[in-house]
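Novice: Sequence plus predicted model, see below.
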Amino acid sequence: MTELERRIKAKIPGEDTGIVVKHSVCDVCAPGPHCGVDCYVKDGKIIKVEGTDSHPTNHGLLCPKGQSNRQYIYRPDRIQTPLRRVGERGEGKFEPISWDEALDEVAKHMLEYKEQFGPQSVAFFSGYEKWYRPFLERLTYAFGSPNYGTESSCCFTSAVMAWRLAAGVDKCDPDLRNCKLFLGWAYSGYYNGYLGAQPTINRHKEGMKVIIIDHRRTPMAERIADLYIQIRPGTDAALAFCFARELIRRGWIDHDYIEKNVHGFKEYAEYVSRFTPEYTETITGVKPELIEQAVQMMHDNMPVAINESGSGMLHHRNGMQGYRAIMALSALMGTFDRPGGQVPAFLTYAHSLGGFETKEYEFSTELRPHIEAVGARTYPVWEETVHEMQSMDLPRQILDSDPYPIRMVWAHGMNYRMFSDDERMKRALKSLDFFVDIDLFLTDTAKLADIVLPCCSGFERSELRIHGGCHATYTQKVIEPMFQSRSDTDIIFDLAKRLNLDDPYITSDYDTCLRYMLRDNHIDLDVLKAADGLPVHVDEKTHQVGTWQFRTPSGKFELYSERIAKYADQGFTPLPTMEDPLPGDAEKYPFMMISGTRRPNMLHSRLHDVPWLQALGTAITAEINADDAKRLGISDGDMVEIYTDLGSIEMKAKVTAFTMAGTINTYHGFRDADVNKLIPADACDRYSGFPAFKSYRCALRKKVTE
Ligand SMILES: Nc1nc2c(c(=O)[nH]1)N[C@H]1C(S)=C(S)[C@@H](COP(=O)(O)OP(=O)(O)OC[C@H]3O[C@@H](n4cnc5c(=O)[nH]c(N)nc54)[C@H](O)[C@@H]3O)O[C@H]1N2
Ligand SMILES: Nc1nc2c(c(=O)[nH]1)N[C@H]1C(S)=C(S)[C@@H](COP(=O)(O)OP(=O)(O)OC[C@H]3O[C@@H](n4cnc5c(=O)[nH]c(N)nc54)[C@H](O)[C@@H]3O)O[C@H]1N2
Ligand SMILES: [Mo]
């Protein structure tokens, strides 16, 4: 082997080897930390990826998902050209067509439905991907439809609702650096946010105390919990009420803070007074001694910062109110907007929290028409606080045409298996007059479409990304878009030009729109673009701790929500209250099913077909407590059937001591054992519309094989 061959084999960049390094971000978690990725490119192909050493969020690290980026983007089922359906819906038979043919046909249908049924008959949807959302939202409203909706109708937004109702802020960050106790409510950092896990472990080593509250004994709980509390899923509100009661009873609350900043304290104190430790145990399964210990630890280790969970706390019938109950503790302890407590944060751009504000919201929503959006009537508290369609109600409205028909859906990366009762969603998509899906891969959802459009991956485009700690990147296009794929935003602008829209922005281009959104920031897009795809620090932190002006009707932290009070006649309660998370037939369906717990090597449905990650164990498993398994005669590795009134699925049993007795822990997004077949659409939170993915009654039996 020559020296040059050796250098090429070792993937060493250089003029002689023809290998160049280009900087981008990992687009697997969206939004996520947007970890910096160095792509080694030779002959237009990425031959290696590495974390960017100088990157402020990942400091050179990449998780297994990030490491597998090449296998993800070079999957053999990438869509190569725009496609037009020639077979039955779902059959997967398509003919290749040109971009012009495809977009002309789509625009023709859109304009027809607009003319015949009104612009609201066309809905626009985005799956988990976030980077193009401001543009898609503006397109929807410029077209005249109110029906822009996303995957965020079942992800995290319920927490945003809780915070907007309580304080008028989008979110809060636990102030890890300054707290003495980290209340890790549903905290599983190793599995769903490893970059945040290490600082937590480091702070624990420095003496920060940790309480973890989870129904599963996670590796995180094993490693750092000074106190681990195992709780029945979906019952956290009761525990939070009991903590509140005990703190109030002992006088361990901040009376001055409450007097100045809190609305509804008296009513709240009166409500929580019934949650004695003994009563709370009957709901949560948590022993009074543990509650006692936790409350004492909180008092001894002020200030307390509380973990904020994106789904574990929210995928329950009472998720939003439960979240409010937990966050209320920060108001009682006087730690909201105080060092070591909950620090107010804003969605800066495309669902990322940069620590500074932009004009994204204005750009996205200023053209929103005054027409009732999908879900607005079913979920009035959602409509009150969120201002986009509640997509969980989309299948119902498509099928029932109530209050008006939806004829067409334009979707970016839709995965129908994301929805509860997903067979209903599939029926709804099949019943549409026209359905367009844009994806990298010919997914089962794309197979239902009339027109499928190929988009490119993050490495095949340049785009703005925001990172926590006031950083922004304009990424480098690392390779040319594969086959005929294009970036989602180019597709949006191209469609917009065909729709006769009276909007100079959505008919222009990506950078023009960005300049509009960044117009009052001290961010020069040209400086970002000249930074070789590396992050630039943005010197404009918007919030100083301790200065928060409550954006609520009372001007205070609302334990009693005046905005919910407007809907009291429809049975919504202004105080967070405890509701039974598990109504139904306990004899027939004795188990509680938790679905979609995160795993380090999986991200929803998008990585199931990536070989390296499969090798790390994507086996479809149902985790069952060892005592339950013994009682039912189930051994590790047996096939079991999990069933509800809606259907049944088969999975391999994983018998474990880590899962709580009476619960079954499963994973979502699988073609063959699709857990969302089992959860009816009405098993959801009436406030947020979020499905009860993480607390639904089911039964279990061993599969008998002849
Ligand atoms: N590797 C990986 N990371 C991810 C994702 C992924 O798919 N893969 N998805 C990302 C996305 S979109 C989201 S929304 C977030 C979700 O992030 P989280 O909201 O943190 O969600 P989970 O990991 O499901 O839950 C965290 C912990 O809460 C526990 N839990 C579940 N239900 C309850 C409950 O009722 N009470 C209590 N006390 N604990 C409960 C679970 O056992 C788990 O250990 O993760 C993000 N991170
Ligand atoms: N049972 C159960 N169900 C759940 C959950 C649960 O915990 N349990 N979690 C819920 C939550 S929190 C979430 S976030 C959702 C997951 O939300 P999903 O939308 O189901 O997420 P993905 O599986 O990543 O699917 C998104 C699609 O986008 C495509 N895609 C990737 N990049 C791009 C791009 O740049 N452009 C376009 N146009 N497409 C792209 C992918 O190929 C994929 O087909 O699932 C929800 N459903
Ligand atoms: Mo999510």
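Specialist: Looks like it arrived, so ask away. Ligands and ions are numbered 1, 2, ... in the order given.
Novice: Which positions in this protein make contact with ligand 1?
Specialist: Counting by C-beta under 6 Å from any ligand atom, the residues of the chain close to ligand 1 are 155-156, 185-186, 188, 191-193, 213-216, 218, 231, 233-234, 236, 309-312, 316, 594, 596-600, 602-604, 694. For every residue, glycine as well, the C-beta is placed using N, CA and C.
Novice: now residue 387: how far from residue 553?
Specialist: The spacing between residue 387 and residue 553, counted by C-beta to C-beta, to the nearest Å, is 17 Å.
Novice: Ignore what I typed, I meant residue 8.
Specialist: Applying C-beta to C-beta, one obtains 66 Å for the distance of residue 8 from residue 553.
Novice: more crowded one of the two?
Specialist: Under the neighbour definition other C-beta atoms under 10 Å, residue 8 and residue 553 were set side by side, and residue 8 has more, 18 against 15.
Novice: Looking at the residues of the chain next to ligand 1, which are in strands?
Specialist: When these are checked against strands (DSSP state E), the matches are 185, 213, 594.
Novice: before we move on, back to that, tell me which ones among the residues of the chain next to ligand 1 also neighbour ligand 2, please.
Specialist: Subset of the residues of the chain next to ligand 1 in contact with ligand 2: 155, 311, 596, 604, counting by C-beta under 6 Å from any ligand atom.
Novice: Which of these sits closest to residue 358?
Specialist: Here the nearest of those to residue 358, counting by C-beta to C-beta, is residue 155; it sits at 21.5 Å.
Novice: Give me the neighbour count for that closest one.
Specialist: For residue 155, using other C-beta under 10 Å, the count is 18.
Novice: got a list of what residue 118 touches?
Specialist: Residues in contact with residue 118 (C-beta atoms under 8 Å, 6 or more residues apart in numbering) are 144, 371, 404.
Novice: which of those are buried?
Specialist: Buried subset of the contacts of residue 118 (neighbour count, 16 or more other C-beta atoms under 10 Å): residue 144.
Novice: tell me how far the strand or helix carrying residue 563 is from the chain's mean position?
Specialist: Element membership of residue 563, judged by DSSP states H and E, is helix 562-565. Counting by C-alpha atoms, centre = their mean, to the nearest Å, helix 562-565 is centred 26 Å from the centre of its parent chain.
Novice: Give me the residues contacting it.
Specialist: Against helix 562-565 from outside (C-beta under 8 Å, 6+ apart): 165, 263, 381, 384, 385, 552, 553, 554, 572, 573, 574, 687.
Novice: mind checking pLDDT for the residue nearest to the fourth one when sequence neighbours are not counted?
Specialist: The shortest distance from residue 384 to any non-neighbouring residue, by C-beta to C-beta, 6 or more residues apart in numbering, is to residue 563 (5.7 Å). pLDDT, the model's per-residue confidence, is 98 for residue 563.
Novice: ditto for residue 308
Specialist: Confidence for residue 308, expressed as pLDDT, is 85.
Novice: How much space separates it from residue 193?
Specialist: Using C-beta to C-beta, we find residue 308 at a distance of 11 Å from residue 193.
Novice: more crowded one of these two?
Specialist: With neighbours defined as other C-beta under 10 Å, residue 308 and residue 193 compare such that residue 308 has more, 22 against 17.
Novice: Run through the residues that contact the more buried one.
Specialist: When contacts are counted by C-beta under 8 Å, 6+ apart, residue 308 is found next to 159, 171, 172, 173, 174, 342.
Novice: what about the fifth one, distance to residue 321?
Specialist: The span separating residue 174 from residue 321 equals 21 Å under the rule C-beta to C-beta.
Novice: And for the third one?
Specialist: Spatial separation of residue 172 from residue 321 under the definition C-beta to C-beta is 17 Å.
Novice: Please apply the same query to the first one.
Specialist: Noted for residue 159: a distance of 12 Å to residue 321, by C-beta to C-beta.
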